[in-house]
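>>> Got a predicted model here, sequence first, then my questions.
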Number of protein chains: 2
Amino acid sequence: MRYKLLLSYDGGCFNGWQKQTLGGKTVQGSVEEILAQLLNGKTRVLGSGRTDAGAHAVGQIAHFDSERVIDGEKFLKGFNAIAPEGLVAKAIFLAPDNFHALSSAVHKTYIYRIWNHPKLSVFQRKYSLWVQQPLDLEKLNDFSSVLLGLHDFRSFQTRGTPVKTTTREITKAEWRRRSGHNIEFRISGNGFLKQMVRNIVGTLLYLDRKGGTKADLEAILAAMDRQAAKATAPAQGLYLLRVDYPETLDNQCRKL
Amino acid sequence: MRYKLLLSYDGGCFNGWQKQTLGGKTVQGSVEEILAQLLNGKTRVLGSGRTDAGAHAVGQIAHFDSERVIDGEKFLKGFNAIAPEGLVAKAIFLAPDNFHALSSAVHKTYIYRIWNHPKLSVFQRKYSLWVQQPLDLEKLNDFSSVLLGLHDFRSFQTRGTPVKTTTREITKAEWRRRSGHNIEFRISGNGFLKQMVRNIVGTLLYLDRKGGTKADLEAILAAMDRQAAKATAPAQGLYLLRVDYPETLDNQCRKL
């Protein structure tokens, strides 16, 4: 049977999602170790995508196969009792056999958090990027409109595993003041390239700081060259908020 | 010259405010070490009160004396550059000689944060108390009205250094939903006994959970006996929000 797992983790506790041959506690590795204990046997876990070392997840989705019949409440209790610090399983679903955490995903939403104040917030230091200069949200929202729609986002891709296409469709890219000095950028799309959100945020912040224009951003996008964009924003501000699947698949998933 | 310092710290990084003879990094000890470096000499620092190990401060006040003339911007930059993780100096003031962080304080405000959800929030685990059962804010607010005014709070005092009087005046004690599953209790008064806020919160949560009544809380308060109250709520939910001084003293303080 195939199971779908909803996970949340504090990226600061892990060396990224992806299991690694050379040391470093990863989320994938930790989940596999927990499942090995709970299900009495080696279990492979696949995520909707890799999150970078230090990046957080409010709602990461993974799947695994097991012949064991799982009782939801008992499973979650057991999982969370032995999970390492900073990792929690929020829900488990029985999924159809053709459900695949990575290849079935049709939509993802990320948020990027900023503490925008001259003085560091000690409570946010691991959960936001600290930006001292006041940000112009209206300008950032104007910039962000350039990203909407179907574009080749090669300029915002960090080199890594080759991908078939660097074209992605962005359906939402919005800045808002969450409360007080907490600013949040929310971006949704049908998929994201490696470090794409962090590269976009780094570039938008650069343009805001340096008095750049919408035309500058259009030129960076059109260049289709990573050299055209600016520095990658740090991982600790990034959260994978949610992963969406086709309604037909969702309807076949049953919360345990 | 006497200086007044506004500090914020993540309690999880320190073994409380109070300098200790036997190991453990404390806030007071860390501030004294920073000042020794910045001002070239041993400097004693006095806080508005001791915060417990693990408890946070949004706005702790301390004072120290120095013959050095301090440039505010330079001082704060220097302080924050060498401060250990989780400690930040937010402002410095030149204070009158009779200003005393502890004995001049006339009013303090604490907040206690709760993550009220069946599942742990990995992002809140060090910054809130996790309470799984839904809290009844209306009932908690009704309970809290009992605390308002002048009372002997001996029932909510953890044994420690003897104090002259256990009578305190509480001017505000309110529960509210900050956002979503984040609940906040805010309490203000002219002073607080050792672990008083944590003992109050532990008792209110117990009464809410066990179907207690306002009369139960009145009886606990009237007992003037720590045994009558319930368990101390953990430190990681507690924040010293602000310390207030008489207006006449404030008017004599000059932000540097």
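Thanks, I have the structure now.
>>> Sticking with residue A:52, tell me its helix or strand.
Residue A:52 is part of no helix or strand when elements are defined by DSSP states H and E.
>>> Roughly how far does the closest residue to it other than its chain neighbours sit from residue B:201?
The spatial neighbour of residue A:52 that comes closest, neighbours along the chain excluded (CB to CB, 6 or more residues apart in numbering or on different chains), is residue A:235 at 4.8 Å. Where C-beta positions appear, they are placed from N, C-alpha and C, glycine not excepted. Residue A:235 sits at a distance of 34 Å from residue B:201 (criterion: CB to CB, to the nearest Å).
>>> So for the two, which sits in the more crowded spot?
In this view residue A:235 and residue B:201 are compared by other CB atoms under 10 Å in any protein chain shown, and residue B:201 has more residues nearby, 27 against 18.
>>> right, and that one touches residue B:233 too?
Yes: between residue B:201 and residue B:233 there is a contact under CB atoms under 8 Å: 4.0 Å.
>>> Quick check: neighbours shared by the two?
Counting by CB atoms under 8 Å, 6 or more residues apart in numbering or on different chains, the residues touching both residue B:201 and residue B:233 are B:112, B:129.
>>> in chain A, which segments are predicted with low confidence?
A:22 (pLDDT under 70).
>>> In three-state terms, label whatever residue of the stretch 101-250 of chain A ends up closest to chain B for me.
The stretch 101-250 of chain A approaches chain B most closely through residue A:122 (4.3 Å), counting by CB to the nearest CB. Following DSSP: H, G, I helix; E, B strand; the rest coil, the label given to residue A:122 is coil.
>>> what's the distance between the closest residue to it other than its chain neighbours and residue B:246?
Closest residue in space to residue A:122, ignoring its immediate chain neighbours: residue B:10 at 4.3 Å, by CB to CB, 6+ apart. For residue B:10, the distance to residue B:246 equals 30 Å [CB to CB].
>>> Could you point out the longest strand of chain A?
Using DSSP state E to define each element, chain A has its longest strand at strand A:167-179.
>>> Just checking the distance from it to the centre of its chain.
Centroid separation for strand A:167-179 versus its chain: 13 Å, with CA atoms, centre = their mean, to the nearest Å.
>>> neighbouring contacts of it?
If you take CB under 8 Å, 6+ apart as the criterion, strand A:167-179 is touched by A:107, A:109, A:113, A:135, A:137, A:140-141, A:144-145, A:147-153, A:183-193, A:196, A:200, B:179.
>>> repeat that for 7 Å
Strand A:167-179 is touched from outside by A:137, A:140-141, A:144, A:147-153, A:183-193, with contacts defined as CB atoms under 7 Å, 6 or more residues apart in numbering or on different chains.
>>> Run through the residues that contact residue A:56.
Counted by CB under 7 Å, 6+ apart, residue A:56 has contacts A:9-11, A:238-239.
>>> cutoff 8 Å now
Contacts for residue A:56 were tallied using CB under 8 Å, 6+ apart; they are A:9-12, A:127, A:236, A:238-240, B:122-123.
>>> cool, and residue A:194?
Residues in contact with residue A:194 (CB under 8 Å, 6+ apart) are A:157-161.
>>> In strands, which of the contacts of residue A:56 fall?
When DSSP E defines the strands, the subset of the contacts of residue A:56 inside them is A:9, A:238-240.
>>> those helices in the stretch 151-256 of chain A, which residues are they?
A:196-209, A:214-223, A:247-252 (DSSP state H, counting those that start in this stretch).
>>> Residue numbers of the stretch 151-256 of chain A in contact with chain B?
residue A:179 (CB under 8 Å from any CB of the partner chain).
>>> Please name the nearest non-neighbouring residue to residue A:231.
In space, and not counting its chain neighbours, residue A:231 is closest to residue A:202: 4.6 Å by CB to CB, 6+ apart.
>>> Can you tell me how far the one you found is from residue A:183?
The gap separating residue A:202 from residue A:183 is 15 Å, by CB to CB.
>>> Of the two, give the one with the bigger neighbour count.
Legend: neighbour count by other CB under 10 Å for residue A:202 and residue A:183, higher for residue A:183 (24 against 20).
>>> for the nearest residue to the more buried one once chain neighbours are set aside, phi and psi?
Nearest non-adjacent residue to residue A:183, counting by CB to CB, 6+ apart: residue A:114, 4.3 Å away. Backbone torsions for residue A:114, taken as degrees, to the nearest 10, come to phi -130, psi 130.
>>> my read: residue A:114 touches residue A:180, true?
No: contact criterion CB under 8 Å: residue A:114 and residue A:180 do not qualify, at 12.0 Å.
>>> With neighbour numbers in mind, choose between those two.
The neighbour comparison of residue A:114 against residue A:180 (other CB under 10 Å) goes to residue A:114, with 24 against 10.
>>> separation between that one and residue B:12?
The spacing between residue A:114 and residue B:12, counted by CB to CB, is 22 Å.
>>> now do the same end-to-end measure for stretch A:218-230.
The first and last residues of stretch A:218-230 sit 13 Å apart, counting by CA to CA, to the nearest Å.
>>> The closest residue to residue A:24 other than its chain neighbours: how many residues sit nearby?
Spatial nearest neighbour of residue A:24, excluding adjacent residues (CB to CB, 6+ apart): residue A:15 at 3.4 Å. Here the count is done by other CB under 10 Å, and residue A:15 has 17 residues near it.
>>> Secondary structure class of residue A:15, three-state.
Secondary structure, three-state DSSP: residue A:15 is coil.
>>> can I assume it is in contact with residue A:55?
No: the pair residue A:15 and residue A:55 does not pass the contact test of CB under 8 Å, sitting 11.1 Å apart.
>>> before we move on, back to that, and the two most separated of the ones in strands among the contacts of residue A:56?
Largest separation among the ones in strands among the contacts of residue A:56 by CB to CB: A:9 and A:238, giving 12.3 Å.
>>> OK, contacts around the residue of the stretch 101-250 of chain A closest to chain B?
The contact partners of residue A:122, taken as CB under 8 Å, 6+ apart, are B:8-10, B:13, B:56, B:86-88.
>>> Compare these and tell me which is most surrounded.
That'd be residue B:56 among the contacts of residue A:122, by other CB under 10 Å, with 29 neighbours.
>>> so what's the backbone phi/psi at residue A:142?
When read as degrees, to the nearest 10, the backbone of residue A:142 gives phi -70, psi -50.
>>> my guess is it meets residue A:214, correct?
Yes: contact criterion CB under 8 Å: residue A:142 and residue A:214 qualify, at 6.0 Å.
>>> Give me the phi and psi angles of the residue lying closest to residue A:76 once chain neighbours are set aside.
Distance criterion CB to CB, 6+ apart; nearest residue to residue A:76, sequence neighbours excluded, is residue A:89 at 5.4 Å. Main-chain torsions, residue A:89, degrees, to the nearest 10: phi -90, psi 120.
>>> partner residues bridging residue A:89?
Here residue A:89 sits in beta bridges with residue A:7, as judged by DSSP bridges.
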